[in-house]
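Visitor: Curious how this folds, go ahead:
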Amino acid sequence: MGRTLKVGDVLRYTSAKDESLPVIDGYPNFHFVTHCPGQKRALLEAGINGMARVQSAAGARRPAVLIRSSPWKAGSEQTPWHDVFDLDNGHVRYFGDSKAGVSTLPGEVKGNATLLEAFDGHQAPTAEQRIATTPLMLFRAVSRNGKVKGYVEFCGVGLIERTERIVQWAGRERTTFTNYVYDIAVIDLVAEGDRVDWDWINARRDPSVSDEEALSLAPQAWREWVERGHSALPRVRRRVARNRVVKVRDQRPEPRSRDESDLHLIYKFFDGRKHDFEALASAVAARVLGGGGRNYREGWLTRRSGDGGADFVGRLDIGSGLAGTGLVVLGQAKCIKPDSTVSAEQIARVVARLRRGWIGVYVTTGAYSEAAQLEMVEDQYPVLLINGMDLVRELRGMARDDHGGDLQSCIEHIIDTGTVEVTSRRPEEILLA
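Guide: Residues are numbered from 1 along each chain as shown. As a prediction, the model looks like this:
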């Protein structure tokens, strides 16, 4: 087992702190993963655990701050606040360690002082200053096997966006106290498969390793933030929706491949023949939506003008009898150059027409921009996106099944048979068919 941490993984954190065993009780051993020969153990005993500074050639740096939240303590006399972990959107709101009855100033309490120091580095204006700044390693306690202690979930790598000095209610003591709360941006680790290699932190603990050498082991998003600063946060923040976005280059055929040749054939065949391409798109949508034994019925093509964001209409039936229902399917077809992209605004025309329980499908010879896909995923729009490469593969399957593999004959057959009528009927009428 490698010394890596994966977001969402639960690790065993025992009081024995034995770093020799990779696995304990079926869980990765925290102390094995974070072991650094010749250095003190990485600990999670406190909520805020700052590793000791090291003195490199460029100056002092703190290798990391390990944050642990204990949800089971939230609202208790010891922990009257509630930390918020919204990992899907890359945000953690974490309360500092000042408490009621403590005479020390809130910014001088050990944990707060450590995070405020890190915050200064996270707000540094230049890459030269940010390169040595401290990453936050985020954990939260979880219960396993009926126990609320001894298990922690790794939640990612973060940096502090902002901090606020607040007044909190101390619960049973019926008094107030001053504390700090930190808004932490959790960075995206998709390039690393949602993993962090602990060698990065170990390198930061070695005074003979330069800041530049240690940075080379950091996650890609952290390196981008170091280079670009606060303006990079929208790009490097963790967003689960981003994992479902397909890069534009991955939606396009390999250069000089059969897929590329076929896609150009399709584009040239339909260039300037908008309504003919709509018939083709309707047939492809029927194949996709009717696959796997689903019951899909083609409806009609809309008229050339006044389509209102829908080029074809279909119906998807689910279940049967009293346990069944029909769903209206609105389709949009767009024959564009294969190296072009469809924007979020273009897809929005279909989305704007959808009523509750309706489904959209968009068919194009191009690709979908990453921004368009991200908006679709985050807003949970029920729209299927069929790009140019998918279009080629579905048509080639149709050609193989019914036309001896001849793609052009397949296309001509779809257009010449004209089985889908052109009309201006209302989409909901498909449910009465």
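Visitor: Then residue 112 would be within a strand, right?
Guide: No. Using DSSP: H, G, I helix; E, B strand; the rest coil, the assignment for residue 112 is helix, not a strand.
Visitor: which residues sit in contact with it?
Guide: Taking Cβ atoms under 8 Å, 6 or more residues apart in numbering, we find residue 112 in contact with 48, 96, 97, 98, 106, 179, 180. C-beta coordinates here come from the backbone N, C-alpha and C atoms, glycine included.
Visitor: out of these, which are inside strands?
Guide: 48, 179, 180 (DSSP state E).
Visitor: show me what contacts the residue lying closest to residue 165 once chain neighbours are set aside?
Guide: Of all residues not flanking residue 165 in the chain, residue 180 sits nearest, at 5.7 Å (Cβ to Cβ, 6 or more residues apart in numbering). Going by Cβ under 8 Å, 6+ apart, residue 180 touches 95, 96, 98, 106, 107, 112, 115, 116, 163, 164, 165, 166.
Visitor: any idea how the chain splits into domains?
Guide: 4-244, 248-432 (automatic domain parsing).
Visitor: And the helices in the stretch 51-200 of the chain?
Guide: 110-122, 127-130, 199-205 (DSSP state H, counting those that start in this stretch).
Visitor: Serialize those helices to TSV and add fields for distance to residue 291.
Guide: Converted to TSV, the helices of the stretch 51-200 of the chain look like this (distance: least, Cβ to Cβ, whole Å):
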stretch	distance to residue 291
helix 110-122	49
helix 127-130	50
helix 199-205	44
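Visitor: between the ones you listed, which one is nearest to residue 186?
Guide: Closest to residue 186 of these is helix 110-122 (Cβ to Cβ; 12.9 Å).
Visitor: now the closest one: mean pLDDT?
Guide: Helix 110-122 comes out with an average pLDDT of 97.
Visitor: Next: stretch 273-283.
Guide: Per-residue scores along stretch 273-283 average to 92.
Visitor: Next: stretch 44-59.
Guide: Taken as a whole, stretch 44-59 has a mean pLDDT of 94.
Visitor: quick one: buried residues of that stretch?
Guide: Across stretch 44-59, burial judged by 16 or more other Cβ atoms under 10 Å covers 44, 47, 48, 49, 50, 51, 54, 56.
Visitor: For residue 414, state which of those residues is nearest.
Guide: Distance to residue 414, by Cβ to Cβ, is smallest for residue 44 among the buried residues of stretch 44-59, at 62.2 Å.
Visitor: Residue 194: which of the buried residues of stretch 44-59 is nearest?
Guide: Closest to residue 194, out of all of the buried residues of stretch 44-59 and judged by Cβ to Cβ, is residue 44, at 20.3 Å.
Visitor: isn't the closest one right up against residue 153?
Guide: No. Residue 44 is beyond contact range of residue 153, at 11.4 Å (criterion: Cβ atoms under 8 Å).
Visitor: Tell me the residues that contact both of the two, please.
Guide: Here residue 44 and residue 153 have residue 139 as joint contacts, going by Cβ under 8 Å, 6+ apart.
Visitor: and residue 33, how far is that from residue 433?
Guide: Distance of residue 33 to residue 433, computed by Cβ to Cβ, to the nearest Å: 60 Å.
Visitor: which of those two has more neighbours?
Guide: Neighbours per residue, other Cβ atoms under 10 Å: of residue 33 and residue 433, the larger number sits with residue 33, 20 against 11.
Visitor: Would you convert the contacts of residue 180 into CSV that also reports distance to residue 384?
Guide: Formatted as CSV, these follow (distance: Cβ to Cβ, whole Å):
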residue, distance to residue 384
95, 43
96, 47
98, 52
106, 53
107, 53
112, 50
115, 45
116, 49
163, 44
164, 43
165, 49
166, 46
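Visitor: Out of these, flag the one nearest to residue 323.
Guide: For those, the residue nearest residue 323 by Cβ to Cβ is residue 95; the value is 49.6 Å.
Visitor: Tally up the residues packed near the closest one, please.
Guide: Quick note: residue 95 (other Cβ under 10 Å) scores 22 neighbours.
Visitor: which ones are touching it?
Guide: 81, 82, 83, 168, 179, 180, 181, 182.
Visitor: now residue 325
Guide: By Cβ under 8 Å, 6+ apart, the contact list for residue 325 reads 317, 318, 319, 357.
Visitor: Give me the distance between it and residue 357.
Guide: 8 Å.
Visitor: No further queries at this time; thank you.
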